[in-house]
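# Could you look at this predicted model? Sequence included:
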Amino acid sequence: MKSLIIVLLILIATEVNAASEGKLYRASVDSDGVQRVTLTGGSYFFDPAHIVVKVNVQVEMRVRKEPGIVPHDLVIMEIDGGKDIRVDLDSEARIVRFTPLKSGKYPIYCSRKLLFFESHREKGMEGVLEVVE
Ligand SMILES: [Cu+2]
(Lines give C-alpha, C1' and ligand atoms only; values in the text may rest on other atoms or scores of the structure.)
Protein backbone atom coordinates (compact mmCIF):
# COMPACT_ATOMS: atom_id res chain seq x y z
CA MET A 1 0.00 0.00 0.00
CA LYS A 2 2.80 2.35 0.96
CA SER A 3 4.66 1.71 -2.30
CA LEU A 4 1.47 2.33 -4.28
CA ILE A 5 1.15 5.74 -2.65
CA ILE A 6 4.76 6.53 -3.50
CA VAL A 7 4.20 5.54 -7.13
CA LEU A 8 1.09 7.74 -7.27
CA LEU A 9 2.99 10.68 -5.79
CA ILE A 10 5.75 10.27 -8.39
CA LEU A 11 3.14 10.16 -11.17
CA ILE A 12 1.47 13.32 -9.87
CA ALA A 13 4.81 15.12 -9.54
CA THR A 14 5.74 14.13 -13.11
CA GLU A 15 2.41 15.40 -14.42
CA VAL A 16 2.79 18.76 -12.68
CA ASN A 17 6.30 19.08 -14.07
CA ALA A 18 5.13 18.28 -17.60
CA ALA A 19 2.30 20.79 -17.37
CA SER A 20 4.53 23.64 -16.24
CA GLU A 21 7.03 23.06 -19.04
CA GLY A 22 4.47 22.54 -21.80
CA LYS A 23 4.77 20.49 -24.97
CA LEU A 24 8.14 18.78 -25.35
CA TYR A 25 10.24 18.77 -28.51
CA ARG A 26 13.49 16.85 -28.54
CA ALA A 27 15.70 18.01 -31.43
CA SER A 28 17.66 15.43 -33.40
CA VAL A 29 20.90 16.20 -35.18
CA ASP A 30 20.48 16.32 -38.98
CA SER A 31 23.01 14.74 -41.35
CA ASP A 32 24.76 18.13 -41.75
CA GLY A 33 25.39 18.30 -37.99
CA VAL A 34 22.75 20.92 -37.23
CA GLN A 35 19.80 20.44 -34.92
CA ARG A 36 16.72 22.21 -36.25
CA VAL A 37 13.80 23.47 -34.22
CA THR A 38 10.64 25.27 -35.30
CA LEU A 39 9.04 27.53 -32.73
CA THR A 40 5.81 29.53 -32.88
CA GLY A 41 4.96 32.29 -30.43
CA GLY A 42 1.58 33.87 -29.85
CA SER A 43 -0.75 35.30 -27.23
CA TYR A 44 0.47 33.98 -24.79
CA PHE A 45 2.41 30.85 -25.49
CA PHE A 46 5.39 29.27 -27.17
CA ASP A 47 4.86 26.07 -29.11
CA PRO A 48 6.68 23.88 -28.28
CA ALA A 49 7.29 25.30 -24.82
CA HIS A 50 9.93 22.76 -23.81
CA ILE A 51 12.78 22.17 -26.23
CA VAL A 52 15.64 19.76 -25.63
CA VAL A 53 18.87 20.20 -27.60
CA LYS A 54 22.40 18.80 -27.36
CA VAL A 55 25.26 20.84 -25.99
CA ASN A 56 28.03 22.00 -28.38
CA VAL A 57 25.94 21.32 -31.49
CA GLN A 58 24.69 24.19 -33.61
CA VAL A 59 20.98 24.96 -33.31
CA GLU A 60 19.00 26.46 -36.15
CA MET A 61 15.73 27.78 -34.82
CA ARG A 62 12.97 28.86 -37.19
CA VAL A 63 10.82 31.27 -35.23
CA ARG A 64 7.55 32.83 -36.25
CA LYS A 65 4.55 34.55 -34.77
CA GLU A 66 0.98 33.39 -34.98
CA PRO A 67 -1.20 35.73 -37.08
CA GLY A 68 -2.45 38.76 -35.17
CA ILE A 69 -1.59 42.35 -34.27
CA VAL A 70 -0.03 41.76 -30.85
CA PRO A 71 3.76 42.10 -31.13
CA HIS A 72 5.92 39.37 -29.61
CA ASP A 73 9.59 38.61 -29.30
CA LEU A 74 11.82 35.79 -28.19
CA VAL A 75 14.53 36.10 -25.58
CA ILE A 76 17.02 33.45 -24.45
CA MET A 77 19.66 34.74 -22.05
CA GLU A 78 23.32 33.68 -22.05
CA ILE A 79 22.83 30.66 -24.26
CA ASP A 80 25.77 30.97 -26.62
CA GLY A 81 28.86 31.41 -24.44
CA GLY A 82 27.17 34.25 -22.56
CA LYS A 83 25.52 35.77 -25.65
CA ASP A 84 21.82 36.62 -25.44
CA ILE A 85 19.28 36.00 -28.17
CA ARG A 86 16.63 38.63 -28.79
CA VAL A 87 14.51 38.54 -31.89
CA ASP A 88 11.22 40.18 -32.81
CA LEU A 89 8.77 37.58 -34.03
CA ASP A 90 7.16 38.08 -37.40
CA SER A 91 4.48 36.09 -39.21
CA GLU A 92 7.22 35.27 -41.70
CA ALA A 93 9.71 32.81 -40.21
CA ARG A 94 13.09 34.12 -39.09
CA ILE A 95 16.12 31.95 -38.52
CA VAL A 96 18.17 32.19 -35.36
CA ARG A 97 21.46 30.28 -35.10
CA PHE A 98 23.42 29.60 -31.95
CA THR A 99 25.50 26.92 -30.29
CA PRO A 100 24.72 26.14 -26.65
CA LEU A 101 28.04 25.75 -24.84
CA LYS A 102 26.81 24.75 -21.41
CA SER A 103 24.19 22.25 -20.35
CA GLY A 104 21.33 23.43 -18.21
CA LYS A 105 17.85 24.89 -18.43
CA TYR A 106 17.48 28.27 -20.10
CA PRO A 107 14.20 30.17 -19.91
CA ILE A 108 12.66 31.21 -23.23
CA TYR A 109 10.33 34.15 -22.95
CA CYS A 110 8.68 37.14 -24.57
CA SER A 111 9.82 40.46 -23.10
CA ARG A 112 6.85 42.49 -24.38
CA LYS A 113 4.64 44.34 -21.98
CA LEU A 114 1.86 46.85 -22.59
CA LEU A 115 1.85 49.83 -20.20
CA PHE A 116 0.77 48.79 -16.73
CA PHE A 117 -0.53 45.38 -17.79
CA GLU A 118 1.16 42.11 -16.91
CA SER A 119 4.11 41.21 -19.10
CA HIS A 120 3.58 38.58 -21.75
CA ARG A 121 5.91 36.36 -19.76
CA GLU A 122 3.65 36.72 -16.72
CA LYS A 123 0.70 35.83 -18.94
CA GLY A 124 2.36 32.52 -19.75
CA MET A 125 4.52 33.35 -22.74
CA GLU A 126 7.53 31.43 -21.57
CA GLY A 127 9.14 28.07 -21.97
CA VAL A 128 12.39 26.29 -21.41
CA LEU A 129 15.32 25.37 -23.60
CA GLU A 130 16.99 22.40 -22.02
CA VAL A 131 20.59 21.77 -23.08
CA VAL A 132 21.79 18.23 -22.40
CA GLU A 133 25.11 16.39 -22.71
CU1 LIG B 1 4.64 38.38 -26.39
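Perfect, I can see it now.
# Beta-bridge partners for the nearest residue to residue 85 once chain neighbours are set aside, please?
Leaving aside its sequence neighbours, residue 85 sits nearest to residue 76 (CB to CB, 6 or more residues apart in numbering; 4.4 Å). All C-beta spots, glycine's among them, are computed from the backbone N, C-alpha and C. Using DSSP bridges, the beta-bridge partners of residue 76 come out as residue 85, residue 108.
# Test for you: state the pLDDT assigned to residue 76.
In this model, residue 76 is scored at 97, pLDDT.
# check contacts around it.
Shown in contact with residue 76 (CB atoms under 8 Å, 6 or more residues apart in numbering): 84-85, 98, 106-108, 129.
# Got a PyMOL select line for the buried ones in those residues?
Listed next is the PyMOL selection for buried residues among the contacts of residue 76, using 16 or more other CB atoms under 10 Å:
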select buried, resi 85+98+106+108+129
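# Could you find which two of the contacts of residue 76 are furthest from each other?
Farthest-apart pair in the contacts of residue 76 is 98 and 107; separation 14.9 Å (CB to CB).
# Please list the residues of the protein that sit near the ion.
Residues of the chain found near the ion (CB under 5 Å from the ion) are 72, 110, 112, 120, 125.
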